[in-house]
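1. no sequence on this one, just coordinates:
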DNA sequence: CGTAAATAGTACAATTTTAGTCCTGTTTCC
DNA sequence: GGAAACAGGACTAAAATTGTACTATTTACG
């Protein structure tokens, strides 16, 4: 399905909530109740985002978290990279020399090209865009199709 | 890291090998030795691709597999969909009503938009492109960056 | 015909990854 | 000094992924 991890998903839900009032300092508990996620999970996500400087943290009583930049300057690509590491569709597009078939496989350069294209697509959506209303659309048939193997529960 | 599964990776390696001589019928064993992958793994991949009509199979002695269309007409997006099901970065972008926070989360339409953009990027690379020589490049810094959590072994 | 070569389909065990939680330490406000 | 809040790491449980094996079916060819 080519999906991001749930933790990454939560990271975007949480930061989208913070984008509602970018100046305000939110505690982790507050954000948990606002997003209907579990407090420990929200805390974990915020700690990771802090290490990548996407959110600022304030310790001590009446501390909390705030976006480090304006929502328009934070992209979905940046959030995914912060949570999951570099965007690469295959191992070889990120790390050289780990794949046993690397010597006989000429695809590495192509995978890097593909990863870059995906990164660019993800860079065009900012947190500000995510907070704007959107139309939930029917997906095009190519996106809906999947085969019997993945269909069965 | 936003990666495809290994099986999907293998699917592309195997079909890229078949694209070398699109008319020829290859046995699974042959393709395994050519790609340096395990025979059972190659067989599994080919069965899945057959169900999605990306390759044609021929049963019986001197049977085997062949690409169902020309390499220029098979895209990486099609191969990923065949192996993993629909491309969607989150559960909610593929299936409605399964996410517990769907009622309070307004991100679904945006995720569909992102998934579509990624699908388009993956549709622009065909199997024919994959067989052409490529330059292995240094990745841009944004793609290389990852944080301490994912860095440590 | 019978046998060998080859795919089809399904089921399963082992491994790896992910998710979620908890605990202890540190900082800061009042 | 105490309470509120974040930091960091460790750990357990669950889920997904991988890789393999087994049985059945189909077809070429002597």
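-> Yep, that arrived. Everything numeric in this text was worked out from a predicted model, so none of it was measured.

2. could you give the mean pLDDT of the longest helix seen in chain A?
-> Looking across chain A with DSSP state H, the single longest helix is helix A:108-123. Mean pLDDT, computed over helix A:108-123, is 93.

3. now stretch A:22-39
-> Across stretch A:22-39, pLDDT averages out at 95.

4. who's in contact with it?
-> If you take Cβ atoms under 8 Å, 6 or more residues apart in numbering or on different chains as the criterion, stretch A:22-39 is touched by A:10, A:13-14, A:17-18, A:41-43, A:46, A:58, A:62-67, A:70-71, B:100-101, B:104-105. No exception for glycine: its C-beta is placed from N, CA and C like everyone else's.

5. that one: end-to-end distance?
-> Its first and final residues considered, stretch A:22-39 spans 20 Å by Cα to Cα, to the nearest Å.

6. same deal with stretch A:115-133?
-> 28 Å.

7. what's in contact with it?
-> A:12, A:15-16, A:19-20, A:67, A:70-80, A:87-89, A:93-94, B:2, B:106-107, B:110, B:113-114, B:117-118, B:120-122, B:124-125, B:139-140, B:142-143.

8. from the residues you listed, which ones fall inside strands?
-> residue A:67 (DSSP state E).

9. whichever of the contacts of stretch A:115-133 end up buried, select them in PyMOL.
-> The buried residues among the contacts of stretch A:115-133 can be selected in PyMOL (16 or more other Cβ atoms under 10 Å in any protein chain shown) with this line:
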select buried, (chain A and resi 12+15+16+19+67+71+74+75+76+77+78+79+80+87+88+89+93+94) or (chain B and resi 2+106+107+110+113+114+117+118+121+122+125+139+142+143)
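
10. so residue A:86 makes contact with residue A:95?
-> No. Using Cβ atoms under 8 Å, residue A:86 makes no contact with residue A:95, being 9.1 Å away.

11. the two: who's more crowded?
-> Higher neighbour count among residue A:86 and residue A:95: residue A:86, with 21 against 12, using other Cβ atoms under 10 Å in any protein chain shown.

12. give the contact list for residue A:77.
-> A:87, A:119, A:122, A:123, A:125, B:142.

13. need the helix or strand of chain A with the lowest average pLDDT.
-> The weakest-scoring helix or strand in chain A, judged by mean pLDDT, DSSP states H and E, is helix A:148-151 (a mean of 33).

14. excluding covalently adjacent residues, which one is nearest to residue A:18?
-> Counting by Cβ to Cβ, 6 or more residues apart in numbering or on different chains, residue A:18 lies nearest to residue A:67, which is 5.3 Å off, once chain neighbours are set aside.
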